[in-house]
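Student: coords please:
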Amino acid sequence: MIATRSLLAAIVLGSVVGASQADAQCSGNAGGCNTVNTASATVNALVKLGMSATTTALSAPTADQVEVGATLADAGPTFTVKANRSWTLNIRTSNTTNWTYVGSNSGVKPISDLTWSKTSAGTYVAISSSDALFLSGAAATNGTAAQAFFKTVWSAGFAQASNAPGTYSLPIVFSLSAP
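Tutor: This next block holds a predicted model:
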């Protein structure tokens, strides 16, 4: 019984191997023969984001600006977007509520004190920890240019926790995707 099963399995395997070999063979009596092999490749949705700098130095407020409260404008990084289909570029911070503070004076600055826009004279929006649409393209591009602009809000008053001496930093995440 075992020998019969082994023989049957060998016959089936031999038939399958023989059939696939026959598909790749060619013979002809007229001195020529043609076979076809189809080569194929899959191109996925591709995106590439170039960014001019990984840090942006924001303007520090002066004593006069802290006394009355001020919003200071700064140019952020520039981008080059490349994609082989429609795409979106989103902006957010990875901090959930406050800037990262380094210092010994208990500085606390909410993330909403940083606003952004895609034009210097545009409407500024407070940064949040959720993705917000920064820019999009409806088609493929070989290099769409963009720039981020920031305004930092400094509250009025020297006693404000957001004006305590120290270093405040906020990671800004730009995410490019081709959905």
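Student: which strands or helices does the strand or helix carrying residue 73 pack on?
Tutor: Using DSSP states H and E, residue 73 falls within strand 70-83. Secondary-structure packing of strand 70-83 (3 or more Cβ pairs under 8 Å, 6 or more residues apart in numbering; DSSP states H and E): strand 47-51, strand 87-93, strand 132-137, strand 141-154, strand 172-177. The way it works is simple: take the backbone N, C-alpha and C, and place the C-beta from them, glycine included.
Student: of the ones you listed, flag the one that's most buried.
Tutor: strand 87-93 (a mean of 20; mean count of other Cβ atoms under 10 Å).
Student: quick one: it to chain centroid distance?
Tutor: Offset of strand 87-93 from its chain centre (Cα atoms, centre = their mean, to the nearest Å): 7 Å.
Student: that one vs strand 70-83, what angle?
Tutor: Interaxial angle, strand 87-93 versus strand 70-83 (axes from the mean of the first three to the mean of the last three Cα atoms, to 10 degrees): 150 degrees.
Student: what packs against strand 87-93?
Tutor: strand 70-83, strand 132-137, strand 141-154, strand 172-177.
Student: so which of those strands is nearest residue 61?
Tutor: With respect to residue 61, and counting by Cβ to Cβ, the nearest of the helices and strands packed on strand 87-93 is strand 141-154 at 4.4 Å.
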